[in-house]
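1. test case, fold it:
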Amino acid sequence: MLIIQLDPPTLFTAPTIKSAPSSEALGVLSTLLPTLLEASLGMLGQPGAMEAVGISLRSLLDGQY
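-> As a prediction, this is how the structure comes out:
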């Protein structure tokens, strides 16, 4: 998904002509992904974090934010 965001598809090209993400985009992704995963899993791994995310998400979906 991150690669697609770095290289969004154009509106008027055939699906067989779609270009692959550039090597620069893949480099950025391969550098950034481990950091994002470490931060996310570190935050979610704390006691009570999953429950807090669920409560926050429920409040957001209910329109209380």
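
2. quick one: mean pLDDT over the strand or helix carrying Leu32.
-> Using DSSP states H and E, Leu32 falls within helix 23-44. Helix 23-44 carries an average pLDDT of 89.

3. report the angle between the helix or strand hosting Glu51 and helix 23-44.
-> Following DSSP H and E, one finds Glu51 within helix 49-61. On the basis of axes from the mean of the first three to the mean of the last three Cα atoms, to 10 degrees, helix 49-61 is oriented at 110 degrees to helix 23-44.

4. quick one: list the elements packing against helix 49-61.
-> helix 23-44 (3 or more Cβ pairs under 8 Å, 6 or more residues apart in numbering; DSSP states H and E). Where C-beta positions appear, they are placed from N, C-alpha and C, glycine not excepted.

5. next, the buried residues of the helix it packs on.
-> For helix 23-44, a neighbour-count test (16 or more other Cβ atoms under 10 Å) marks nothing as buried.

6. packing partners for it?
-> By 3+ Cβ pairs under 8 Å, 6+ apart, helix 23-44 packs against helix 2-6, helix 49-61.

7. between these, which gets the lowest average pLDDT?
-> helix 2-6 (a mean of 61).

8. okay, Met1: pLDDT?
-> So Met1 comes in at 55 (pLDDT).

9. scratch that, Pro9 is what I was asking about
-> 61.

10. cool, and Ser19?
-> 69.

11. please begin residue numbering at 866 from this point
-> Sure, I'll start numbering at 866, so the last one becomes Ser884.

12. and the gap between Ala885 and Gly892?
-> 13 Å (Cβ to Cβ, to the nearest Å).

13. again, but for Ala917
-> Taken as Cβ to Cβ, the span from Ala917 to Gly892 is 34 Å.

14. next: Leu898.
-> Distance from Leu898 to Gly892, by Cβ to Cβ: 11 Å.

15. which residues are common contacts for those two?
-> Residues touching both Leu898 and Gly892 (Cβ atoms under 8 Å, 6 or more residues apart in numbering): there are none.

16. having no further points to raise, I will conclude here.
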